[in-house]
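*Asks:* Pasting a predicted model and its sequence here:
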Amino acid sequence: MLAYALILMIAAAQTDQTVEVRRGTRLEVHQFAGDVVVKVWNRDAVRVEAEHTDRQSVDIRPGDQSLVVRGRTQSGPSRSMDFTITVPAWMAVTIEGTAADVSLEGVGGDVTVETNRGDIRVRGGSGFISLKSVQGSIRLEQAKGRVDVQTVNDSIQIADVSGDVTAGTTNGSIVLERIDTSNLDAYTVNGTISFDGAIKDKGSYRVTTHNGEVSMALPEKVNATLRVRTYGGSFRSSFPVKLDDPDRRNRFTLTLGDGSARVELESFNGGIALRRPNEPRPLTGRERRDRDRQRQNGQPPPPAPPAPPSAAPAPAPNPNPNPGLQ
Amino acid sequence: MTMHEEWTDKLSEYLDGELPDAERRQVTAHLETCEDCSRILEELREVVAAANAAPPVEPSRDLWAGIAERIASPEGARPVVLSGPWRRFSFSLPQLAAASVLLAMVSGWAAIRFMPREVSRPPDVAVAPPPAQTGEVVLTAFSSNDAGYDAAVADLERTLLEQRARLDPETIKVVEDNLAIIDRAVSDARQALDEDPGNGYLSDYLSETRRRKLDLLRRATSLAEDLN
């Protein structure tokens, strides 16, 4: 046991290097596998900390426009390496990995993350924000700019974001909360989508799924033309609405206010639901599974998703179970 | 190609958010100093905004029957492909009409530069040539036996198969599982469309769901290439 511990100590190595950078320099991290944690400080410098074996090394290359950090394995197959990188808040960050879990906290510039297997968590970012995974969930908070979030086999959560938003997955839910955008495109094939945010005059909002419910929070005063389209699902609203063509229950247009914004809500097999912003959103599939599992284990169920703060009073109970079709 | 055309060639992709970061920054810097490119970009924005703002109108069953006839006719077999930089946009009939009018008003040079181009990728949405009698612009969707789509899928699947060894088994399984999910969605849409051939919503939906499959296949092949 002692010998084993000794071998481990010998094999272990550590990198801790700080490099001064000029304002405008971009950080590029190329990582095979492992955690990449990026945080900020108030120095114009980048600190790279990594735990690795003595067969691995960290290649740090300052350049005119970018600082490139790359984990290397000197012999044999590539191995995992965990990075903690501290950057100036203004710094744009690009991270590419094969099996990397990526977490960015407080960054203030462009953010580009692409990983094959791994979750992505980003708080912050402005300008152009592109987050892509294949097998991993993505959560983006407190960002502004042009947002493009794509995964394949997991869920997406975006909260407190302003700017154009595109969010797409194939097998997973999408939750959009407190979004301030004039241009939204959210789509999945297998999962629910919920949207809660401003509907701006002349804005364009498109929310599409094949299997799952589409839920949209609409404030009382909104100028929007809603195109509601479903094939196997149904429409419901927690508040009274009047359809332009009440004879068409699965595909119809709904004009609110002067109809300025264009809102398309589409679910082939699922329902489409309207609610007020102060009402809780429906649970995602994962949240339902977690709740059911906890119930089976005798644990108290998790609290319902929080409703966003709102000064508006709760709507009066609606006696019509399907008020949209009144 | 002049130096200036090199910039203007990128404007549509810039507007669409499809340029790599470095090129996007270059174009942004160029726009700050070039009035011509800024004006053209603004015109493009107006075209897209006007097209998006056009009121949605569902084509009637009669119209779709006419479309079916035109697809079957020799003229209908020569679609103009809306693809390349425009592929993210989905236009309804009145939107296309509005866009076509606005495009005509844009300068001739810009029109030549930015009219949708034929590319090798399969059609996502096709516009049938306007019939001589009415001049109407007609949005058509994939027919259920779209050979172009099938060929594109086959090409990408072949490429993916060739590069399969570069991806780890777990990723391959995830991609295949998700392709199967999309296939089921395509099958659902196709079955519904077969039962209701005149349904414009279903036709659009089938096109879009197929595009999702192509997008995923492209992404998977791109992943494999990146690992090379």
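*Replies:* Thanks, I have it.
*Asks:* Which residues belonging to stretch A:215-226 are considered buried?
*Replies:* Within stretch A:215-226, the residues that count as buried by 16 or more other CB atoms under 10 Å in any protein chain shown are A:215-219, A:222-226. The way it works is simple: take the backbone N, C-alpha and C, and place the C-beta from them, glycine included.
*Asks:* Now do the same contact list for the closest residue to A:G163 other than its chain neighbours.
*Replies:* Counting by CB to CB, 6 or more residues apart in numbering or on different chains, A:G163 lies nearest to A:G145, which is 4.6 Å off, once chain neighbours are set aside. By CB atoms under 8 Å, 6 or more residues apart in numbering or on different chains, A:G145 lies in contact with A:110, A:125-129, A:163.
*Asks:* would A:G145 count as being in a strand?
*Replies:* Yes - the assignment for A:G145 by DSSP: H, G, I helix; E, B strand; the rest coil puts it in a strand.
*Asks:* Tell me where the model's unsure across chain A.
*Replies:* A:1-11, A:244-249, A:301-326 (pLDDT under 70).
*Asks:* now swap in chain B and tell me
*Replies:* Scanning chain B with the threshold set as pLDDT under 70 gives B:1-5, B:16-18, B:20-21, B:48-146, B:227-228.
*Asks:* mind giving me the domain split of it?
*Replies:* Following automatic domain parsing, one gets these domains for chain B: B:3-140, B:147-226.
*Asks:* before we move on, back to that, and the gap between the residue nearest to A:G163 and B:E23?
*Replies:* Distance, A:G145 to B:E23, using CB to CB, to the nearest Å: 17 Å.
*Asks:* how about the helices of the stretch 201-326 of chain A, start to end?
*Replies:* Assigned by DSSP state H, counting those that start in this stretch, the stretch 201-326 of chain A shows helices spanning A:285-296.
*Asks:* Which residue would be the closest one in it to chain B?
*Replies:* Residue of the stretch 201-326 of chain A nearest chain B, by CB to the nearest CB: A:H210 (4.3 Å).
*Asks:* just the strands in chain B please.
*Replies:* Assigned by DSSP state E, chain B shows strands spanning B:80-82, B:125-128, B:138-140.
*Asks:* tell me, how many neighbours does the residue nearest to A:S133 when sequence neighbours are not counted end up with?
*Replies:* Among residues not flanking A:S133 along the chain, A:T151 sits closest, at 4.5 Å (CB to CB, 6+ apart). Residues near A:T151, counting by other CB atoms under 10 Å in any protein chain shown, number 26.
*Asks:* A:T151 and A:T188, how far apart?
*Replies:* Using CB to CB, A:T151 is found at 10 Å from A:T188.
*Asks:* Give the residues shared as contacts by these two.
*Replies:* Common contacts of A:T151 and A:T188 (CB under 8 Å, 6+ apart): A:168-169, A:172.
*Asks:* Dump these to a markdown table, plus distance to chain B.
*Replies:* Conversion of those to a markdown table gives the following (distance: CB to the nearest CB, whole Å):
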| residue | distance to chain B |
| --- | --- |
| A:G168 | 8 |
| A:T169 | 9 |
| A:G172 | 10 |
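*Asks:* Reformat those as CSV; add secondary structure.
*Replies:* Compiled in CSV, the shared contacts of A:T151 and A:T188 are given as follows (three-state DSSP):
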residue, secondary structure
A:G168, strand
A:T169, coil
A:G172, coil
